[in-house]
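Enquirer: Have a look at this prediction, sequence included:
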Amino acid sequence: MAGREPGVLLLGSDFKALAVARSLGRRGVRVAVVDNVPRSAWFSRYVAQRFRWYEAMCSTSLPDFLLSLAGKAGMQGFVLWPAQDDALELVARNHERLSSAYELITPPWDVLRHAHDKRLLHDAADAVGVSHPRTWYPPDERSLHALLVEFPAIIKPAVSINLQHAIGRKALPVRDMDQLVQSYRLATAIMPADHIMVQEVIPGEHQYSVGAFAEDGRVVSAMTARRTRQYPIDYGLSSSFVEAVEIPGLMEPAERILCRLGISGMVEVEFIHDSRDGTPKVLDVNPRPWGWHALCIACGLDFLRTCAGPSHSSPRTAIRSALDPLVDRCPGRTAGHQRGPILARRLPALPIRRQKSRFGL
């Protein structure tokens, strides 16, 4: 194995990981996958090696398995890239240990936790004046009647992966107090009571996102998109139709929240426009490959190349790599093969010394 070029080890093999494997594999980057449920990326021709894991992707035994792969399977020095939330948290919590064998390009836990936990995300948003849906945190069932909730509302977890694993949903819609109590009981059977949130439903036709590359919270390159459809259709696990369009007023609150969080790497900030006052309200921050990230490549923003190409021993080299391929405007495309305007934002470059990518990209 000596002398082999390093590559990328993906944690998870869903459609988000498939887009990563295709993008990097087409450039000759060696791609490997670890997953407990083989999905689309597992079967990609761009994946050179596949390693089956037989426990949850958040299992405390997984770091030992990954460290073993680094030595036995020639993965030493690979970029370790979680493509789903449970693996993202696992890598963050074991950041120091895993960094002894892998290049880590996702945030450590002291940074990630403020995006991962909606309670902390709301605190960060409040600190920088970014709006979010009104949210209540009931300590127990008896407190529900005192919340003064305006219906319809939803029950959702502070960490969304809990509910997704249990029932395949991100939220439970509630139309009245009786349904609120019933749904709360269902939620407490799945997660601790202090992880449960009750949230207002924001009237708005679409959800929107900013896809960005950031360094220590500073947005270097970014684009906006309209997420027109999702599945399930009410509170979707993923978007099913995304259009790359310029959304006025979305970039500024995204920059503020990312600056507050101090995130580096590729990241998506999700918003919904409140039709009552036109205010964008932050819903989520995803510092990993998101569902529509392949659309960014079609728009001239290859965040995958930026993250996996240059060595992150020099983060500013990654910023320079992000700026080089950008264009101010390019022909529009959407995930549904429609056409429309695209914003591909170029920010002022920092004084950065160029450095050759690990993969020669």
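Expert: It's in.
Enquirer: Any idea which helix or strand in the chain has the lowest mean pLDDT?
Expert: helix 315-323 (a mean of 37; mean pLDDT, DSSP states H and E).
Enquirer: contacting residues around the residue nearest the centre of the chain?
Expert: For the chain, residue 286 is the residue whose C-alpha lies nearest the centre (CA atoms, centre = their mean; 2.6 Å). Counting by CB atoms under 8 Å, 6 or more residues apart in numbering, residue 286 touches 85, 115, 267, 268, 269, 270. Where C-beta positions appear, they are placed from N, C-alpha and C, glycine not excepted.
Enquirer: Of these, which is the most crowded?
Expert: residue 269 (33 neighbours; other CB atoms under 10 Å).
Enquirer: which residues does it bridge with?
Expert: residue 210, residue 285 (DSSP bridges).
Enquirer: Name the SS class of the closest residue in space to residue 49 that isn't next to it in sequence, please.
Expert: Distances taken as CB to CB, 6 or more residues apart in numbering place residue 32 nearest to residue 49, at 4.0 Å, with adjacent residues excluded. Three-state call for residue 32 (DSSP: H, G, I helix; E, B strand; the rest coil): strand.
Enquirer: residue contacts, residue 32?
Expert: 7, 8, 9, 10, 47, 48, 49, 50, 51, 73, 75, 78.
Enquirer: Domains of this protein: list them as residue ranges, please.
Expert: What automatic domain parsing lists as the domains of the chain is 7-104, 134-200, 207-346.
Enquirer: where does the stretch 101-250 of the chain have low pLDDT?
Expert: 236 (pLDDT under 70).
Enquirer: returning to what we had before: now for the contacts of residue 286: which two are most distant?
Expert: Of all pairs drawn from those, the widest gap by CB to CB lies between 85 and 269 and measures 15.3 Å.
Enquirer: Off-centre distance for the longest strand along the chain?
Expert: When the chain is parsed with DSSP state E, its longest strand is strand 218-231. Counting by CA atoms, centre = their mean, to the nearest Å, strand 218-231 is centred 11 Å from the centre of its parent chain.
Enquirer: packing partners for it?
Expert: strand 207-215, strand 238-243, helix 251-261, helix 315-323, strand 345-346 (3 or more CB pairs under 8 Å, 6 or more residues apart in numbering; DSSP states H and E).
Enquirer: So for residue 305, which of the ones you listed sits nearest?
Expert: helix 315-323 (7.0 Å).
Enquirer: contacts for the helix or strand harbouring residue 71?
Expert: Following DSSP states H and E, one finds residue 71 within helix 62-72. Counting contacts by CB under 8 Å, 6+ apart, the residues outside helix 62-72 that touch it are 9, 34, 51, 53, 55, 75-76, 78, 80, 87, 90, 94, 97-98, 100-102.
Enquirer: now, which of those lie within helices?
Expert: Members of the contacts of helix 62-72 lying in helices (criterion: DSSP state H): 87, 90, 97, 98.
Enquirer: Next, the contact list for the last one, please.
Expert: Going back to what we said before, that points to residue 98. Residues counted as contacts of residue 98 (CB under 8 Å, 6+ apart) are 63, 66, 67, 80, 91, 104.
Enquirer: quick one: it from residue 31, how far?
Expert: Distance, residue 98 to residue 31, using CB to CB, to the nearest Å: 18 Å.
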